[in-house]
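*Asks:* Structure of the sequence below:
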Amino acid sequence: MEATELNELSLQFQLTTPDGPLETYWNRLLNVVADFQLVVGRRMIFSEEEFPIVELAVQLDAWLERLSDETPEFVYTSSESQIPGLIRFSPGSEGWHVSAAFAEFADATSFNLSEVATAVRSYVAAVDETVSSEYGFRLRELAPRR
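*Replies:* Here you go, the predicted model:
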């Protein structure tokens, strides 16, 4: 494994059976679930079964739309949870840091914004492709209305 891979950020998922019907906006946002992992290098920071991958992807996609050097931190709080910051990407003095409310360990790895954006874009694209092929809808149909 190359040194750069040791600090690679990835958001991974394994699709499971939907948590209910997929007819409405909210159904699609919350009922497409998967076993989800947030990974830095070889270490899993956060994992959750039956995680609402579409809700996270839609929020991340909206964050990507505003991406710049002045981008504020990303804080994911699910509509189904009262826990703020289930997943968080935060800028710091040495780069961007990844954390999770129920992290299995505290990771001090710093990423540049480009590395975070690449991992996020990859995740959003994978979720979009999965829901398109499995359920016949696209993430852009669920994008927040401006």
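
*Asks:* Now do the same for Trp63: its pLDDT.
*Replies:* Model confidence at Trp63, given as pLDDT, is 94.

*Asks:* How about Ala108?
*Replies:* 79.

*Asks:* ditto for Ala103
*Replies:* Ala103 is assigned 80 on the pLDDT scale.

*Asks:* tally of neighbours for it?
*Replies:* Neighbourhood size, Ala103 [other C-beta atoms under 10 Å]: 15. (Each C-beta comes from the backbone N, C-alpha and C, glycine too.)

*Asks:* Tell me who's in contact with the residue most central in space within the chain.
*Replies:* Here the mean C-alpha position of the chain is nearest to the C-alpha of Leu56 (C-alpha atoms, centre = their mean), at a distance of 5.0 Å. Counting by C-beta atoms under 8 Å, 6 or more residues apart in numbering, Leu56 makes contact with 11, 36, 76, 78, 87, 123, 127.

*Asks:* mind running it again at 7 Å?
*Replies:* Contacts for Leu56 were tallied using C-beta atoms under 7 Å, 6 or more residues apart in numbering; they are Tyr76.
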